[in-house]
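1. I would like the atomic coordinates for the input below:
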Amino acid sequence: MNEIDLLHQQIDALKKEKREYLESNDRFSAIFELSRLGNKIINRDLTILQVNQALVILLGFENKDEIVGTKIFDYAPIDRRADWKFLQEKLWANLTPSFSLETCLSERMVP
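-> Numbers count the residues shown, from 1 in each chain. The predicted structure follows:
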């Protein structure tokens, strides 16, 4: 096999990898957006990066932009904030790459 054939194989492999990534991303986006459960993506400091429409409706807002950029603590009842604090500590310590947390949120608690 010559060098050009090897390069073509590498290019084909990269194209396949990219296509699979895009398909996976599309599936995730569809599941995230179309879920009837209120979904959110947060970062380590518990800032909300993305939400689906179900969460917008559950929290009583008109659109996602009203929620994105706020903190999850803004919607956590006082007696449930410890759940989020525990999660934040695990995320900061890199003890978990992902999580599932069953808790509750309500309309914005902090002005």
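2. next, count neighbours for residue 39.
-> By other C-beta atoms under 10 Å, the residues close to residue 39 number 16. For the C-beta atoms, the positions are set from N, CA and C on the backbone; glycine is no exception.
3. would you check that it makes contact with residue 56?
-> No: counting by C-beta atoms under 8 Å, residue 39 does not reach residue 56; the two are 10.5 Å apart.
4. so for whichever strand or helix holds residue 56, what gets flagged as buried?
-> Element membership for residue 56 (DSSP states H and E) is helix 53-58. Burial within helix 53-58, assessed by neighbour count using 16 or more other C-beta atoms under 10 Å, is assigned to 53-56, 58.
5. and this structure, what are its domains?
-> Here the domain parsing of the chain from automatic domain parsing is 1-34, 36-111.
6. would you turn those into a markdown table with mean pLDDT?
-> A markdown table is the format used below for the domains of the chain (pLDDT from 0 to 100):
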| stretch | mean pLDDT |
| --- | --- |
| domain 1-34 | 92 |
| domain 36-111 | 84 |
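7. looking at those, which one is packed in the most?
-> domain 36-111 (a mean of 13; mean count of other C-beta atoms under 10 Å).
8. now the residue positioned nearest the centre of the chain: which helix or strand?
-> Nearest residue to the geometric centre of the chain (C-alpha atoms, centre = their mean): residue 41, 2.6 Å. Element membership for residue 41 (DSSP H and E) is strand 40-42.
9. and the helices in the protein?
-> Using DSSP state H, the helices of the chain run over residues 3-34, 53-58, 81-92.
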